[in-house]
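Participant: Build me a structure from this.
(chains A and B)
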Protein chains: 2
Amino acid sequence: MQSVRVAGVGLTPFGDHGDRTIRELFADAGVEAMSDAAVGGDAVDAVYFGNFVGELADGQGHHGPLVAESLGVSAPATRFESACASSGVAVRHAVRAIEHGDADVVLVGGAERMTHVGTGEATAMLATAADAIHEVGTGVTFPGAYALMADAYLRTYGGSSRDLAHVAVKNHAHAVENEYAQFQSTVTVDDVLDAPTVAAPLGLLDACPVTDGASALVLVSDEYAAAADLEAPVAVTGSGQGTDSLALQNRESLSRTPATERAAREAYEDAGIRADDVGLVEVHDCFTVAEVLALEGLGLYEPGEAIGAARRGETWRDGELPVNCSGGLKAKGHPVGATGASQVVEMTRLLRGDHPNSEYVADATTGVTHSAGGTVASTTVHVLEVVS
Amino acid sequence: MQSVRVAGVGLTPFGDHGDRTIRELFADAGVEAMSDAAVGGDAVDAVYFGNFVGELADGQGHHGPLVAESLGVSAPATRFESACASSGVAVRHAVRAIEHGDADVVLVGGAERMTHVGTGEATAMLATAADAIHEVGTGVTFPGAYALMADAYLRTYGGSSRDLAHVAVKNHAHAVENEYAQFQSTVTVDDVLDAPTVAAPLGLLDACPVTDGASALVLVSDEYAAAADLEAPVAVTGSGQGTDSLALQNRESLSRTPATERAAREAYEDAGIRADDVGLVEVHDCFTVAEVLALEGLGLYEPGEAIGAARRGETWRDGELPVNCSGGLKAKGHPVGATGASQVVEMTRLLRGDHPNSEYVADATTGVTHSAGGTVASTTVHVLEVVS
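Facilitator: Take a look at the predicted model:
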């Protein structure tokens, strides 16, 4: 089995890209990744592309061939859609394709645009990731769904809105120096607590923004990296994928995320690591409570323990277990189809030392990325390690 | 490497399913496939699901977890979207996952519904598979795009609308006894030539219908089939995937389909066969001309030679190389996301002897299925062989 190296990474700035289309955004990120890897379009064996609602936002489906061609790639191109985990799932399949020798070089990533439709329409588009009949049909959209999860968590384990506010404060602080982040600005605990309530107990500053952007990675086999003399010190050593009921009503618990647990188990086993070995984490914090749920699902905290982690300082970039040094979805932004792969981009930058926050985490050699779609109905977990 | 067996197949009737949702349609096909395979939900290691425009047609994205849960499967579920090749691409990835030992049992298939929105809106939805800016923006929808290809073909190689009409006549005749077909009725050459022109040289009866329906397969490793004592005499021995420019304007030729050529090359090499070995074919005949292009792309006819194949009787079920014994998209129907996997379902039934048309092709042991998205911008080719 081949091992998988990250040869190159690319991102667009996350934010408002006006009328730029999904294909244009991905072309920017893809060119950056291929340039970073020193790999041309003719070397690419496959394109794995994550996008959530291109049909609704751009009137464009069938993005695989479109994004491949825009980057001068004629290899087979596949589009993956798993809501907010779309490009996380694309990365997972790319990793397996390289491990098994189906491809030596895969261009993988994702893109989304939504700011041009406005918040109301974006909320409706995002709601297509929930159960259209049993959830959306009753009026539930994602802020409401995550509020139900937050409420269940706080009732089950204790903790407060103030604890959740610390997650937002931390992730905003982490984003200040990240040149790709949508919000390079700090917020205070009081800012978060005083923000308008969106769906109790969550307020406006507990939520990630609507974002346009793209992410791209060039993943290669270690044999290819050696033969082509590529500098690729970070390896993807583990990959896991999980699924849960789409509708919240069918879950045994609203305060646990078994799809994350499953994906983490597979990824850790794949990499031959335990949760204790993890030194750095990027998780899917679409709402503050989602970071808490993710850290527990990943086995990094016992159930009920992660709620105080940011408040206690543990998950800050200078803490014991830095979480979302990129700024997370919360402050870096959440271009849905791009997000999963962007976490792998950011983890790579952090581990190889060229991220603005790398200096805080210089000792970390093992990082974990966690992508989640819907109310954690689709997940991927990847383990990245510095190998040379 | 594991070899891949088809353990079970399922289809809904193709046609108008009123208000039944994508999830309901796939549940029907999935239950049939799992029952046919004698495999329960807890044995399934992964769900690979193809769907094109669920967001537009059902207001529902993120179908992976939804269809998995409806079949009692808690394994990871992935949705693939490659326009009309969506479930062809899902099958391709499922085959690789089993070959490499990532999964022993994969439930794979697809579903679509469109009849409820009416023909105009369906045409607009289908157009999201073309280039929204450079094709749809100029007024081109799929009948027009395929008409350009038909026109280019007939100008380059000769042949006539009458030749194309024979393709429709043949595929309708093949569908008469297929209990799943949308049109179990014959048409004559004059019927096709006298039908209203849709986009010259193509008329209404050169086109496949708008269809609701679902398809499902249980694919297993040969080791699993042996251990569980499953009857699975048909193997998927080859798989290929190809991509071309999405927009016609960027192609070197409108009368050739290099994405099909590429996928066929990979699939034949994978299976260790040559085009001469192929005894039975199911191709993507969304329009009559598409069958002609596919047969040449698959290397079964030289360029310019396939146009007369149906007229000469060669591709009829009692001919030298039976093509679309299912009735094809043309007469069996085209529930977009279901189509690619449905071809593998039909080929399996034909090869193992339980298709109404099996009696005509009893000597065939090697079949090829061909799925195409857009104007053949995304393709998959699979080789199926009777192995026991």
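Participant: Just the pLDDT for the residue positioned nearest the centre of chain A.
Facilitator: Nearest residue to the geometric centre of chain A (Cα atoms, centre = their mean): residue A:340, 3.3 Å. Confidence at residue A:340, expressed as pLDDT, is 98.
Participant: before we move on, what about the one 4 residues further on?
Facilitator: We note a pLDDT of 98 for residue A:344 in this prediction.
Participant: What of residue A:388?
Facilitator: So residue A:388 comes in at 75 (pLDDT).
Participant: My understanding was that it contacts residue A:234; is that so?
Facilitator: No. In terms of Cβ atoms under 8 Å, residue A:388 does not count as a neighbour of residue A:234; the distance is 9.1 Å. Quick note: C-beta positions are derived from backbone N, CA and C, even for glycine.
Participant: coming back round to it: pretty sure the residue nearest to the centre of chain A sits against residue A:50.
Facilitator: Yes. Applying Cβ under 8 Å, one finds residue A:340 in contact with residue A:50, separated by 6.2 Å.
Participant: hey, what's in contact with both of the two?
Facilitator: Listed as contacting both residue A:340 and residue A:50 by Cβ atoms under 8 Å, 6 or more residues apart in numbering or on different chains are A:86-90, A:110.
Participant: quick one on the thing from earlier: between residue A:388 and residue A:234, who's got more neighbours?
Facilitator: More neighbours surround residue A:234 than the other of residue A:388 and residue A:234, with 24 against 10 (other Cβ atoms under 10 Å in any protein chain shown).
Participant: now the more buried one, which residues is it bridged with?
Facilitator: Beta bridges link residue A:234 to residue A:6, residue A:386, judged by DSSP bridges.
Participant: The stretch 51-200 of chain A: strands as residue ranges?
Facilitator: Secondary structure of the stretch 51-200 of chain A by DSSP state E, counting those that start in this stretch: the strands cover A:77-81, A:105-112, A:197-199.
Participant: Can you tell me which residues in the stretch 51-200 of chain A are near chain B?
Facilitator: Counting by Cβ under 8 Å from any Cβ of the partner chain, the stretch 51-200 of chain A comes close to chain B at A:52-53, A:55-56, A:58-62, A:64-66, A:68-69, A:74-83, A:89, A:93, A:96-97, A:100, A:102, A:125, A:128-133, A:136.
Participant: Would you show me how to pick out the buried ones of those residues in PyMOL?
Facilitator: Only the buried entries of those go into this PyMOL selection, using 16 or more other Cβ atoms under 10 Å in any protein chain shown:
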select buried, chain A and resi 52+53+55+56+58+59+60+61+62+64+65+66+68+69+74+75+76+77+78+79+80+81+82+83+89+93+96+97+100+102+125+128+129+130+131+132+136
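Participant: So which of the residues of the stretch 51-200 of chain A next to chain B sit within helices?
Facilitator: A:55-56, A:64-66, A:68-69, A:89, A:93, A:96-97, A:125 (DSSP state H).
Participant: Pretty sure residue A:329 sits against residue A:339.
Facilitator: Yes. If you go by Cβ under 8 Å, residue A:329 and residue A:339 touch, sitting 6.2 Å apart.
Participant: does residue A:36 count as helix, strand or coil?
Facilitator: At residue A:36 the chain is in helix, as set by DSSP: H, G, I helix; E, B strand; the rest coil.
Participant: Relative to residue A:349, how far out is it?
Facilitator: 10 Å (Cβ to Cβ, to the nearest Å).
Participant: cool, residue A:333 as well?
Facilitator: Here the criterion is Cβ to Cβ. By it, residue A:333 lies 16 Å from residue A:349.
Participant: higher neighbour count, the two?
Facilitator: residue A:333 (29 against 23).
Participant: can you pull the pLDDT of the more buried one?
Facilitator: 98.
Participant: Also residue A:201?
Facilitator: Residue A:201 carries a pLDDT value of 98.
Participant: correct me, but it touches residue A:148?
Facilitator: No. Look at residue A:201 against residue A:148 with Cβ under 8 Å: they stay out of range, at 10.2 Å.
Participant: which residue does the stretch 151-300 of chain A bring closest to chain B?
Facilitator: Closest contact between the stretch 151-300 of chain A and chain B, by Cβ to the nearest Cβ, is at residue A:241 (4.0 Å).
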